[in-house]
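Colleague: next come a sequence and a model predicted from it.
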Amino acid sequence: MKVAIIHYWLLNMRGGEKVLEALLELFPEADIYTHVYEPERVSPAIRKHSVKTTFISSLPFSARLYQAYLPLMPLALEQLDLQGYDLVISSESGPAKGVLVPADAVHICYCHTPPRYLWDLYIPYLRQSSFLTRLLMRPLTHYLRIWDTQTAQRVDRFVANSDFVGKRIRRSYRRDSTTVNPPVDWPSFELVEQTEDYYLYLGHLVGYKRPDLAIRACNASGRKLRVIGDGPLLKRLRKMAGPSVEVLGGLSDAQVRHHLSRCRALLFPGVEDFGITPLEAMASGRPVVAYGRGGALETVIDGATGMFFASQTETALNDALKRFEASEAQFSPEAIRLHAEGFSRARFHRQFRAVLDDALAEQGQSS
């Protein structure tokens, strides 16, 4: 089969790019199409493939200002020439699924989430924007929302990365989906005998992930916290951090694994679509203290691999940390890691292949 994978942009290695790597293992000859591409910021596994970009990449400062070109991305996607491909997989959380696919090809959308800034987080995004951005955002998002809904009809099968996202797909697009959770590369993480006295926040430093909540809670309680990640809130969070909090910024993969394996627990205070980071912590044998909504409900087992807190407040998070510390000795690193092993690459490949075979059978093809 000739396979094309459409990925929104390739500028870092976060959860979506790790799923892309797993898809490329299934389809080693696949071509990749994306809006903007910086080879040095992605893995060798991605770089060895043919990567073609839309005209967005030729616009001024596209690697830095790509989000400003969002209104042009629908047009850019529809200019891609996908003739000759048997299978098109769109990796969607930014604009990706709106490509025009040959009539005899199968189009599967692996949906990390319908775009948050158009749907359930539209109001928070609007509220946090400048006056000029808000002025432009209202008409543009209205147009993009119509396009996003219409292009959902171009997809043969939706695959959701979690049941939580499956509900978003149903609400936004009125389409059913099959859940195939992202894989965690658990063998690359290690168990250590001796942990250290600090909690860890790990993730992109943006508002909806709530790194500020982790910092405020640890400022208030004096608990030691290390914050790893880069993003638009980095400078503000460094100013917020009290004496017990270190904001380390972006670190290498090896440094991240070191901190993950030695923390007391990972703090996961946002509402995530799925959240690969808790599974990476669990692959390191470390528990997760998570806000009890979203994808965390599908990965964390309360009392066995972590604990939930019920509201996004400093008090609720610190109360959960007190409960965790009172029962910390009961958490088994080996049992926690075993749970993470259940989200293996082999399982991802098997489940995605089952969806593909079903879609191909419907069209009378064979994989």
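Modeller: Everything's here; your move. As the structure is a computational prediction, the values presented were derived from the model and not from experiment.
Colleague: any idea how many residues pack against Gln150?
Modeller: Taking other CB atoms under 10 Å as the neighbour definition, Gln150 ends up with a count of 12. Where you see a C-beta, it was placed from the backbone N, CA and C, and this is true even at glycine.
Colleague: next one: the one 10 residues further on
Modeller: Ala160 is surrounded by 27 other residues when neighbours are defined as other CB under 10 Å.
Colleague: pretty sure it sits against Asp176.
Modeller: No. No contact is recorded between Ala160 and Asp176 when judged using CB atoms under 8 Å, the distance being 9.5 Å.
Colleague: what's the overlap in contacts for these two?
Modeller: Ile169 (CB atoms under 8 Å, 6 or more residues apart in numbering).
Colleague: which one's the longest helix in the chain?
Modeller: Secondary structure of the chain read by DSSP state H shows that its longest helix is helix 131-151.
Colleague: report the distance from that helix to the chain centre.
Modeller: How far helix 131-151 lies from its chain's middle: 22 Å, per CA atoms, centre = their mean, to the nearest Å.
Colleague: buried stuff in it?
Modeller: For helix 131-151, the neighbour count (16 or more other CB atoms under 10 Å) marks 137, 141, 144-145, 147-148, 151 as buried.
Colleague: kindly reformat those as TSV containing pLDDT and distance to Phe308.
Modeller: Shown next, in TSV, are these (pLDDT from 0 to 100; distance: CB to CB, whole Å):
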residue	pLDDT	distance to Phe308
Met137	74	33
Thr141	86	32
Leu144	90	34
Arg145	91	32
Trp147	93	37
Asp148	93	32
Thr151	95	36
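Colleague: for Pro243, state which of those is nearest.
Modeller: Closest to Pro243 out of those is Met137 (38.5 Å), distances taken as CB to CB.
Colleague: surely the closest one meets Gln128?
Modeller: No. At 10.8 Å, Met137 and Gln128 do not qualify as touching, with contact defined as CB under 8 Å.
Colleague: which stretches in the chain count as strands?
Modeller: All strands of the chain, identified by DSSP state E, fall at 3-7, 31-34, 51-53, 87-92, 106-111, 157-160, 178-179, 199-202, 225-228, 245-249, 266-268, 288-291, 306-309.
Colleague: just send the ones you listed back as CSV, with distance to Ile276 too.
Modeller: Written out in CSV, the entries for the strands of the chain read as follows (distance: least, CB to CB, whole Å):
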stretch, distance to Ile276
strand 3-7, 16
strand 31-34, 20
strand 51-53, 22
strand 87-92, 14
strand 106-111, 14
strand 157-160, 15
strand 178-179, 15
strand 199-202, 10
strand 225-228, 14
strand 245-249, 19
strand 266-268, 11
strand 288-291, 12
strand 306-309, 15
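Colleague: contact partners of the helix or strand bottoming out on mean pLDDT in the chain?
Modeller: Ranked by mean pLDDT, DSSP states H and E, the weakest helix or strand in the chain is helix 122-128, scoring a mean of 73. With CB under 8 Å, 6+ apart as the contact definition, helix 122-128 has outside contacts at 116-117, 134, 137-138, 141, 207-208.
Colleague: save those as TSV, and put in distance to Arg168 too.
Modeller: TSV is the format used below for these (distance: CB to CB, whole Å):
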residue	distance to Arg168
Arg116	9
Tyr117	13
Arg134	24
Met137	20
Arg138	22
Thr141	16
Gly207	18
Tyr208	14
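Colleague: for stretch 331-349, measure first residue to last.
Modeller: The first and final residues of stretch 331-349 sit 30 Å from each other (CA to CA, to the nearest Å).
Colleague: could you list the buried residues of it?
Modeller: 331, 333, 336-337, 339-340, 343, 345, 348-349.
Colleague: using PDB, write out the CA atom coordinates for the least confident helix or strand of the chain.
Modeller: Included here for helix 122-128 are C-alpha records, laid out as PDB according to Å, rounded to 0.1, in the frame of the first residue of the first chain:
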ATOM      1  CA  TYR A 122     -12.700  28.500  22.800                       C
ATOM      2  CA  ILE A 123     -13.900  30.800  25.700                       C
ATOM      3  CA  PRO A 124     -10.700  30.400  27.800                       C
ATOM      4  CA  TYR A 125      -8.500  31.000  24.800                       C
ATOM      5  CA  LEU A 126     -10.500  34.100  23.900                       C
ATOM      6  CA  ARG A 127     -10.400  35.400  27.500                       C
ATOM      7  CA  GLN A 128      -6.600  35.000  27.700                       C
END
